[in-house]
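Peer 1: Sequence isn't available, so here's the structure alone:
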C-alpha cells in the first residue's frame, strides 16, 4: 500500500464496518472449578488463573458439560464445522449490515483461523450460505495464530486498492475445542515445561469471531457514527531465533498450544522499534496516535507493550477491557479491541490508530490506520 500512492489516491481502502460474534459466556471462576481437578490442584495453576486478568470468556464447547478433553482430533474438527458456520455467518452478516453493504457487493472474502481445518473451507461454505457472488475471490489465512488479523487486513486492503471493490475479512477461532487431556506428569507431582504451558494456555484462550468490511473511499456506508479508518500500511518483524517460543502442535487430541513465558521479553526487545518505524515512515509520531488496538495476549504482554511504548492506562484500557471480558480469542481478538476502540473513543480526523498483533514466528505485526 505504501508503495502505490497513485492507486491509493483513487481507491483508498477504508474499514467501514465491524462486528463481533461469540458463543455462550462462561465465568472464569466457574471454569477454574473444572480445571482445578484437571491440573491436580497445582498451586502454580491456581496462581496463573488468579492473575490472568480475565473475568469471563466465551466457549462453544464447555468441558464441564462434554468430555471434550478426551476427544480425538477428528471429533474436534467435525465439531469445529458445526460451531464455526453459525458464528461466522453472524459476524459476517452483521459487519456487512453495519457497513450498509450486501453480500453481492463483495469482491473478496478472506477467512483467518488457526483452530480448525475443514475442506471445503469456511470461505466456500459461508460464501454460498450468504449468497455471495459466484465469481467472488476467496482466500484462507490459515494457522498464523494470534497475529493473523493484521496481515489479513493488509490482504483485503490491497485488493480494495487495486480493484476498487469491497472486501470482507472474517477471523474465527474456537480454542475451546482444544482442551487437552489430563497430564500424567502433572498428576504425578512432577510438572514439565509442557504442563506449565498448558496451564497458561487453558487460563487464557477463548472462542469468538470478528469481521471487518473494507471498501473504497467515497462509497456510501454507515459506521454508526464512528470514524472510518483508512488502512495506510501493514508491517511485520519476525525474530526467527525464538521461533520455538510459540506454536500449535497437532496431536491425536487436538492442537496443543506451545507458549513460552519468555514471549513478553521478545516483545520488549522489538515492539518500540516496530511502531516507531511504522509511524515515522508516514510522517507521524506517537503524538498523532489517537487510539491503540493491541492484541491482549495476556496481562503481562499488555504491561510490557505499554511500558515500551510509554502508553497511559487510558490508552491501553480497550485491550484490558477485552482481555477481561473475552479472554484471548487468538486472531479475532485485535479486531474485537478495534471495535471497542471505535465504540468508546473519539478518533479525530487526520489522527491515526495503531493495531498490533503477536504470534508464531515469533512475529510482531502492526497496522497503521488513519481516521476520516
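Peer 2: Nice, thanks for sending it over. Everything numeric in this text was worked out from a predicted model, so none of it was measured.
Peer 1: mind listing what's buried in the lengthiest helix in the chain?
Peer 2: Longest helix of the chain, by residue count under DSSP state H: helix 73-99. Going by neighbour count (16 or more other CB atoms under 10 Å), the buried part of helix 73-99 is 73, 76-77, 79-80, 83-85, 87-96, 98-99. For the C-beta atoms, the positions are set from N, CA and C on the backbone; glycine is no exception.
Peer 1: shaky segments in the stretch 101-250 of the chain?
Peer 2: Applying pLDDT under 70 to the stretch 101-250 of the chain picks out residues 218-227.
Peer 1: how does it look with 80?
Peer 2: The model of the stretch 101-250 of the chain has pLDDT under 80 over residues 187-191, 217-227.
Peer 1: could you pull out the helices for it?
Peer 2: Under the criterion DSSP state H, counting those that start in this stretch, the stretch 101-250 of the chain contains helices at 122-129, 149-163, 184-187, 193-204.
Peer 1: May I see these organised as JSON lines, with mean neighbour count added?
Peer 2: Shown next, in JSON lines, are the helices of the stretch 101-250 of the chain (neighbours: other CB atoms under 10 Å):
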{"stretch": "helix 122-129", "mean neighbour count": "20"}
{"stretch": "helix 149-163", "mean neighbour count": "23"}
{"stretch": "helix 184-187", "mean neighbour count": "14"}
{"stretch": "helix 193-204", "mean neighbour count": "20"}
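Peer 1: Which one, of those, ends up nearest to residue 178?
Peer 2: Between residue 178 and the helices of the stretch 101-250 of the chain, the tightest spacing by CB to CB is seen for helix 193-204, at 8.5 Å.
Peer 1: helices or strands next to the closest one in the packing?
Peer 2: Packing partners of helix 193-204 (3 or more CB pairs under 8 Å, 6 or more residues apart in numbering; DSSP states H and E): helix 28-38, helix 43-50, strand 254-259.
Peer 1: residue contacts, residue 126?
Peer 2: Residues near residue 126 by CB atoms under 8 Å, 6 or more residues apart in numbering: 85, 88-89, 92, 109, 111, 132, 170.
Peer 1: Out of those residues, which comes closest to residue 27?
Peer 2: residue 88 (25.2 Å).
Peer 1: The closest one and residue 364, how far apart?
Peer 2: Relative to residue 364, residue 88 is positioned 27 Å away (CB to CB, to the nearest Å).
Peer 1: is it true that residue 194 touches residue 186?
Peer 2: No - taking contacts as CB atoms under 8 Å, residue 194 lies outside contact range of residue 186: 9.2 Å.
Peer 1: pLDDT (mean, whole number) over stretch 315-334?
Peer 2: Summarised as a single mean, pLDDT over stretch 315-334 is 98.
Peer 1: mind checking the end-to-end distance for that stretch?
Peer 2: 15 Å (CA to CA, to the nearest Å).
Peer 1: same thing with stretch 39-54?
Peer 2: 19 Å.
Peer 1: so how far is it from its chain's centroid?
Peer 2: Centre-to-centre, stretch 39-54 and its host chain are 24 Å apart (CA atoms, centre = their mean, to the nearest Å).
Peer 1: Repeat that for stretch 180-192.
Peer 2: With CA atoms, centre = their mean, you get 30 Å for stretch 180-192.
Peer 1: How about stretch 295-303?
Peer 2: 13 Å.
Peer 1: Residues touching it, excluding its own?
Peer 2: 51-53, 146-147, 200, 204, 263-264, 267, 294, 316, 319-320, 322-323, 328, 333-334, 337, 356-358.
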